[in-house]
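**Student:** Attaching a predicted model along with its sequence, questions to come.
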Amino acid sequence: MNNPHTTPAALVIFSGGQDSTTCLFQAIAEFGAANVQAITFHYGQRHAIELERAAWMAQDLGIKQTVLDLSLISSITNNALMDSNAQIDVSGSLPNTFVDGRNALFLLYAAIYAKSQNIKTIFVGVCETDFSGYPDCRDVFVKSMNVSLNLAMAYDFNIRTPLMYLTKKETWALADQLGAFDYVRQHTHTCYLGVQGGCHECPSCQLREKGLREYLAERES
C-alpha cells in the first residue's frame, strides 16, 4: 500500500460548475481518482444548486469531498451573487456579482485543509481570458496568494490554474481531451440565478453557451 505521506495528491476547489469540474478531471488524469480530493464552499450563493451538483459529481466519481460553510461573509459584504433580490448589473467597471475576498478565502481555507492532508497541489478554475473582470481571477493574484500561503504556513503549496489563459471554447476543448465533454455538459451548473439547465441570459450562462457553440462549430467543421 502506498504511504499517504509520500503519494502525490491533489486538492481541487470544486464548485460544481464547468470550470472547476474540468479542473477536477485534469487532476484525476494526472494524479488518479484515489489521490484527488475536492473542497467545496457554501458562502450564501444564490445559485446554491451548484452545491447539489458538486456533491452528486463527487460521489459519482468516487472523490472525497469536504464542504465548508463560509456564509459568514454575508455579514460583511453585499453583492448580487448572494442577494437573490438584486438585479445583476455588468455595466460598471466591476460587475455587481463580484464577491469581495471570495477567492482569497477559498485559497486560504483550501490550503489549511490541504496541509492537514499532506497535499501540496491545489487546483482552482480561475481564468483571466474569458471572465467577468474579477480581480481575484488574475494570474498575478493567484501567484501572490501562492507566495503568501507558502510563507504563512512554511509549506510548499503549488497552486495550479490550468484554465488561466483559455477561452471558454478552449475550456470545452480541454474537457473533450480529458474525455469529460459530455459529463461536464450534462452535469455541471453555471447559471448565476440558479436556474436548472441555465437561464440563458445571465453573464455566466452567456459565456458558457457562447464557448460551447464556438467549440461545437469548430469540432464539426
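**Tutor:** Arrived safely. Residues are numbered from 1 along each chain as shown.

**Student:** Show me where this structure has its strands.
**Tutor:** Secondary structure of the chain (DSSP state E): strands at 10-13, 36-42, 64-69, 121-123, 158-160.

**Student:** Only alpha carbons, please: show the first one as CSV.
**Tutor:** Yep, that's strand 10-13 we're talking about. Taking C-alpha atoms only, strand 10-13 is exported to CSV below (Å, rounded to 0.1, in the frame of the first residue of the first chain):
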residue,chain,number,x,y,z
ALA,A,10,-4.1,17.0,-5.2
LEU,A,11,-7.0,19.1,-3.9
VAL,A,12,-9.5,20.7,-6.2
ILE,A,13,-11.5,23.8,-5.2
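
**Student:** And the pLDDT for residue 162?
**Tutor:** pLDDT recorded at residue 162 is 98.

**Student:** now swap in residue 133 and tell me
**Tutor:** The model's pLDDT for residue 133 equals 85.

**Student:** And residue 77, by the same measure?
**Tutor:** The model's pLDDT for residue 77 equals 91.

**Student:** need the contact list for it.
**Tutor:** 99, 100, 101 (Cβ atoms under 8 Å, 6 or more residues apart in numbering). Using the backbone N, CA and C atoms, a C-beta is placed for each residue, glycine as well.

**Student:** between the strands of the chain, which gets nearest to residue 80?
**Tutor:** strand 36-42 (17.7 Å; Cβ to Cβ).

**Student:** quick one: buried residues of the closest one?
**Tutor:** Buried residues in strand 36-42, counted by 16 or more other Cβ atoms under 10 Å: 36, 37, 38, 39, 40, 41.

**Student:** Have a look at this protein and report its longest helix.
**Tutor:** Longest helix of the chain, by residue count under DSSP state H: helix 203-220.

**Student:** okay, that one in PDB with CA atoms only?
**Tutor:** The C-alpha trace of helix 203-220 is given here as PDB (Å, rounded to 0.1, in the frame of the first residue of the first chain):
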ATOM      1  CA  PRO A 203     -23.400  36.600 -17.900                       C
ATOM      2  CA  SER A 204     -22.300  33.200 -16.800                       C
ATOM      3  CA  CYS A 205     -24.800  31.300 -19.000                       C
ATOM      4  CA  GLN A 206     -24.000  33.500 -22.000                       C
ATOM      5  CA  LEU A 207     -20.300  32.900 -21.600                       C
ATOM      6  CA  ARG A 208     -20.700  29.200 -21.200                       C
ATOM      7  CA  GLU A 209     -23.100  28.800 -24.100                       C
ATOM      8  CA  LYS A 210     -21.000  31.100 -26.400                       C
ATOM      9  CA  GLY A 211     -17.900  29.000 -25.800                       C
ATOM     10  CA  LEU A 212     -19.900  25.800 -26.400                       C
ATOM     11  CA  ARG A 213     -21.300  27.000 -29.700                       C
ATOM     12  CA  GLU A 214     -17.900  28.000 -30.900                       C
ATOM     13  CA  TYR A 215     -16.300  24.700 -29.900                       C
ATOM     14  CA  LEU A 216     -19.000  22.600 -31.500                       C
ATOM     15  CA  ALA A 217     -18.800  24.600 -34.700                       C
ATOM     16  CA  GLU A 218     -15.100  24.100 -34.800                       C
ATOM     17  CA  ARG A 219     -15.300  20.400 -33.900                       C
ATOM     18  CA  GLU A 220     -17.900  19.800 -36.600                       C
END
